[in-house]
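Peer 1: I would like the atomic coordinates for the input below:
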Amino acid sequence: EDQEQLIYDSMHSVQTEIASKLYLYYSDAWWPKLGLLNGDFSKPGDARNMLLAGRYHDGHIKCDSNGNNCYGFLLAVYTHDFGGNRAQYFRRYQKDRPEPVTVISNTDVEGRAFLKHAHDRLVEYHLYDAQNRTYTGFQANQVFANAPLPEFAVLSTWNIATFGAGGAWHGWTELSNVQDAMFPLNSFHIHVINEAFSTLQGWAEGSLLLADEVLETYFDVNRPWSFEVSNVVQRVSQTSSEQCTPGSGGSSGGGSTGGGTTGGGGGSGGGADPGPDLCFTSDALVRMADGSLKRISDVTVGDHVDTGLLGAGHVTEHLKHDVNDFVQVAVLTTNHGELVGTINHPIHVDGEWYQIDDALESGLLVGKLGIVNATIETRYVDAFYNLEVDGNYESIGSSSHSYTVNGIVASGLGDNPILNRLYQRQKIWQQDEEVVPAAHEDVKDGDDFLPRVNLLHAASSIMSS
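Peer 2: Numbering: from 1, shown residues only. Predicted coordinates for the structure are as follows:
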């Protein structure tokens, strides 16, 4: 009876991941005209607004011999999480629940509405949200003015109704049962081979590794290769979480928009979500205005720090956010030691502001700013610290609102919603105003601040250089 219970528990120790993929077909492909031939793009969404999580290079397109007159597919969305939050917009359009693939055509009213909405979201992103773009706003307007709507879409949604799988792929919910789950009935000559009960879930290689082990253990068939393959066993600690958005409760500028915890690249990658607070651990070394170094936990309001861009800055807020949990962090090995911080904290690289994770993905960190190595890891953090630099309104337009930490220029907007709304260094603050009601209310109620809104252009000019 105990053995039967163990087998039962083991077979139910995996969780399916929900995935959605959307290709749009354009008879006149607009993205090559903007020089967008590779790379990713993303824009948060919800049940009413389609999210974007695409790649320019993933869809098949054809062009003439001169590289012009292109047509073909754009991968607009490839997203996944264990809770299914990111698939919510697409649920109404999946025609046959067990069948993952749905073709959405412009031949009916619903299809035309879907295609127009998807196209409008792409236009909005490329006109207003895209960072570090190589085209001008005028060029984008010219291209989109002549770009046709997509003619049809191919939507694939792998959810719990997917026949034989119940989703796209799987993750372990209990690591102590892995071996029992992989080999539950093998002594009865019943062998189950798939990625779900393997040490490399989500990939065909997981099935191959499990097949190799079964053949070798039970049939004395040697593996066809001699190299070692590392196991990648990972646990799903939760299946959904609240979206992190700034609000009136003192949240800071920026944050994660991940909908759940996943080891497959669709979310935070394990551990608790650190929330929207943009900070560093207590041992981060802040360069003061006199050139000395001080732990960020020891900096106080009134101190003067080296902004790294525009001379000295005045600390107007010293912020501490208790965590006491395992969270995903960026770990930068610098000439001043290890710097650990939230992955979405903006830093100044090559004259531009980047979130740390974006700069790492773009290969902009290692070998610059004294950084010799950069990784994203899950670590236990007791508290994060951050600084607001020159948060008084009189400084807007004349301060860089930054500080230097471990030799790296970091954003010093703190938790100030007005500064974060003005400078928009993080992706989440580049969304519509209703997403950041705290900033809107502060601007509306701060009568002495309203005349200073005209300084936005000056501030933006300073911070983009």
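Peer 1: what about the helices in this protein?
Peer 2: 2-11, 109-124, 137-145, 178-182, 204-219, 356-361, 417-423, 437-445, 456-463 (DSSP state H).
Peer 1: most packed of those?
Peer 2: helix 417-423 (a mean of 24; mean count of other C-beta atoms under 10 Å). (Each C-beta comes from the backbone N, C-alpha and C, glycine too.)
Peer 1: Extract the C-alpha set from that one and format it as CSV.
Peer 2: Extracted C-alpha coordinates of helix 417-423, given in CSV (Å, rounded to 0.1, in the frame of the first residue of the first chain):
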residue,chain,number,x,y,z
PRO,A,417,6.6,58.0,-8.8
ILE,A,418,6.9,61.5,-10.3
LEU,A,419,10.6,61.0,-11.2
ASN,A,420,10.0,57.5,-12.5
ARG,A,421,7.1,58.7,-14.7
LEU,A,422,9.2,61.6,-16.0
TYR,A,423,12.4,59.6,-16.9
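Peer 1: now that helix: how far from the chain's centre is it?
Peer 2: Here helix 417-423 is found 21 Å from its chain centre; the criterion is C-alpha atoms, centre = their mean, to the nearest Å.
Peer 1: For the remainder of this discussion, apply numbering that starts at 16.
Peer 2: Got it, first residue is 16 now, which makes that one helix 432-438.
Peer 1: which helices and strands does it pack with?
Peer 2: Using 3 or more C-beta pairs under 8 Å, 6 or more residues apart in numbering; DSSP states H and E, the elements in contact with helix 432-438 are helix 452-460, helix 471-478.
Peer 1: And the ones you listed, which one averages the lowest pLDDT?
Peer 2: Mean pLDDT is lowest for helix 452-460 among those, at a mean of 35.
Peer 1: Quick check: which of the helices of the chain is nearest to Gly422?
Peer 2: Among the helices of the chain, helix 371-376 comes nearest to Gly422, with 14.3 Å by C-beta to C-beta.
Peer 1: pLDDT of that closest one, averaged?
Peer 2: 88.
Peer 1: Contacts for it, please.
Peer 2: Contacts with helix 371-376, where a contact means C-beta atoms under 8 Å, 6 or more residues apart in numbering, come from 146, 345, 347, 356-362, 364, 380, 389, 391.
Peer 1: Repeat the analysis, applying 6 Å as the threshold.
Peer 2: If you take C-beta atoms under 6 Å, 6 or more residues apart in numbering as the criterion, helix 371-376 is touched by 345, 358, 360, 362, 364, 380, 389.
Peer 1: how much space between the last one and Val193?
Peer 2: In this structure, Ala389 and Val193 are 31 Å apart, going by C-beta to C-beta, to the nearest Å.
Peer 1: do the first one as well
Peer 2: The span separating Ala345 from Val193 equals 29 Å under the rule C-beta to C-beta.
Peer 1: any low-confidence regions in the stretch 116-265 of the chain?
Peer 2: For the stretch 116-265 of the chain, residues meeting the criterion pLDDT under 70 lie at 245-265.
Peer 1: rerun that using 50 as the cut-off
Peer 2: 253-265 (pLDDT under 50).
Peer 1: about what we covered before: I'd like to know which of the helices of the chain lies nearest to Ser57.
Peer 2: Per C-beta to C-beta, nearest to Ser57 of the helices of the chain: helix 371-376, 10.2 Å.
Peer 1: Which neighbouring elements make contact with the longest strand anywhere in the chain?
Peer 2: Identified as the longest strand of the chain according to DSSP state E is strand 327-349. Counting contacts by 3 or more C-beta pairs under 6 Å, 6 or more residues apart in numbering; DSSP states H and E, strand 327-349 is packed against strand 319-321, strand 352-356, strand 386-404.
Peer 1: Kindly recompute the last result at 10 Å.
Peer 2: With contacts taken as 3 or more C-beta pairs under 10 Å, 6 or more residues apart in numbering; DSSP states H and E, strand 327-349 sits against strand 319-321, strand 352-356, helix 371-376, strand 386-404, strand 417-420.
Peer 1: in the stretch 316-465 of the chain, which segments are predicted with low confidence?
Peer 2: 447-465.
Peer 1: One more pass at 90, please.
Peer 2: 316-317, 325-329, 331-332, 335-343, 349-352, 359, 365-367, 372-398, 405-415, 428-465 (pLDDT under 90).
Peer 1: Surely Tyr418 touches Gly328?
Peer 2: Yes: with contact defined as C-beta atoms under 10 Å, Tyr418 counts as touching Gly328 (6.4 Å).
Peer 1: how many other residues sit next to Ser202?
Peer 2: 8 (other C-beta atoms under 10 Å).
Peer 1: how near is it to Ile433?
Peer 2: 67 Å.
Peer 1: Then Trp184?
Peer 2: Where Ile433 is concerned, Trp184 sits at a distance of 43 Å (C-beta to C-beta).
Peer 1: who's His95 bridged to?
Peer 2: Going by DSSP bridges, His95 is paired in beta bridges with Ala34.
Peer 1: neighbours of it, just the number please.
Peer 2: Residues contacting His95 under the criterion other C-beta under 10 Å number 25.
Peer 1: per-residue confidence at it?
Peer 2: Per-residue pLDDT puts His95 at 87.
Peer 1: Now Asn237. Nearest residue, chain neighbours left out?
Peer 2: Leaving aside its sequence neighbours, Asn237 sits nearest to Glu231 (C-beta to C-beta, 6 or more residues apart in numbering; 6.5 Å).
Peer 1: Could you give the number of residues near Gly54?
Peer 2: 12.
Peer 1: Nearest residue to it in space, ignoring adjacent ones along the chain?
Peer 2: Nearest non-adjacent residue to Gly54, counting by C-beta to C-beta, 6+ apart: Tyr71, 5.6 Å away.
Peer 1: now the one you found: how far from Phe159?
Peer 2: Applying C-beta to C-beta, the value for Tyr71 to Phe159 is 15 Å.
Peer 1: do Ile205 as well
Peer 2: 57 Å.
Peer 1: Then Phe212?
Peer 2: Taken as C-beta to C-beta, the span from Phe212 to Phe159 is 47 Å.
Peer 1: and what of Asp340?
Peer 2: 44 Å.
Peer 1: Please apply the same query to Thr315.
Peer 2: Distance from Thr315 to Phe159, by C-beta to C-beta: 50 Å.
Peer 1: go on, Glu32?
Peer 2: Taking C-beta to C-beta, one finds Glu32 at 34 Å from Phe159.
Peer 1: try Leu215
Peer 2: For Leu215, the distance to Phe159 - C-beta to C-beta - is 42 Å.
Peer 1: So what's the residue count around His329?
Peer 2: His329: 18 neighbours (other C-beta under 10 Å).
Peer 1: Please apply the same query to Ala398.
Peer 2: Look at Ala398: counted by other C-beta under 10 Å, it has 13 neighbours.
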